[in-house]
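Participant: I would like to see how this sequence folds:
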Amino acid sequence: MALDPALLSPGQKYLPGILGGLGPLSHVQFEREILACNHRRGARGDRDHPVWLVASAASTPGRTGALLEGGESPLPHLTAFARLLEQSGADALFVACNTAHAWHAEVQRSLGIPWVHLMELVAEAVRAEYPAGTRVGLLGTDGTLSAGLYQLALETRGLVAIAPAIGSSLQARVREAISDPETGIKATGDRVTGEAREHLVAAARWCVAQGARVVIPACTEVSVGLTSELFPDAPLVDPLVLAADALLDLAYGRRDPASLYRKSAAR
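Facilitator: The predicted structure is shown next:
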């Protein structure tokens, strides 16, 4: 049963849906960014924030394992939870996992609402601020990098993607920061370890040394662990910050679902 529109916050026009739980902090970090962004817009009380729906799809099989190791496909889970949010009344879908976007096109075909494409949001934002030929650093999972999700979106706009090579010792440090069973951010939750921070800073500095003028935390866990205070060497263009801005614009009618659909279906 879809949510009654009369239950939305004052001034709210559309209802966003968030598919999270991929990993445990993904939607939590995204919601923090939404609240922070809306505070900057003037929100000071409960009803100054929009209503949104969240499905924490923690049961979804690992995305990188499916892409690189022949693991179980997450497609049935992503599709089922996306449909659940649509059936509950969501007007647009935000998926708080970068690697999950490897299945964007397949899931989008089964929906009547747009799944807002993080890579498109980020690439458009970078290109709006920087000229063609700008080098852009990427810190993400092996799955995200191997699928070329950011590389394609950036290169289509004349930007140059810079990322540690899969199989390199540097990419191993990024992987450890994300998913090491003892010190990785997926394992420790919002208590980010010193080891994880050191790995991410080292990888970000390598990107800058290769000429990157900006760095994209291309994984939710990297968004948690790599902050501008920790890494002031270059601007961080965080997909979750940009998605938070888009979600608020949608909720209050500054962007409509049709325009988001055209952008999300462009790839």
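Participant: Residue 44 belongs to a strand, doesn't it?
Facilitator: No - with DSSP: H, G, I helix; E, B strand; the rest coil as the criterion, residue 44 is assigned coil and is not in a strand.
Participant: number of nearby residues for it?
Facilitator: 8 (other CB atoms under 10 Å). Every C-beta, even on glycine, is put in place using the N, C-alpha and C of the backbone.
Participant: One more: residue 105?
Facilitator: Residue 105 is flanked by 13 other residues according to other CB under 10 Å.
Participant: All further residue positions should be reported with the first residue as 57.
Facilitator: Renumbered: residue one is now 57, and that last one reads residue 161.
Participant: Now do the buried residues in the helix or strand hosting it.
Facilitator: Using DSSP states H and E, residue 161 maps to helix 160-164. By neighbour count with 16 or more other CB atoms under 10 Å, helix 160-164 contains the buried residues 160, 163-164.
Participant: Tell me who's in contact with the residue lying closest to residue 230 once chain neighbours are set aside.
Facilitator: The shortest distance from residue 230 to any non-neighbouring residue, by CB to CB, 6 or more residues apart in numbering, is to residue 259 (5.0 Å). For residue 259, the contacting residues are 195, 220, 226-227, 229-230, 233, by CB atoms under 8 Å, 6 or more residues apart in numbering.
Participant: of all those, which comes closest to residue 74?
Facilitator: Nearest to residue 74 out of those is residue 195 (CB to CB; 22.6 Å).
Participant: Give me the neighbour count for that closest one.
Facilitator: Counted with other CB under 10 Å, the neighbours of residue 195 add up to 31.
Participant: downstream neighbour of the helix holding residue 161 in the secondary structure list?
Facilitator: Criterion used, DSSP H and E; the element after helix 160-164 is helix 174-185.
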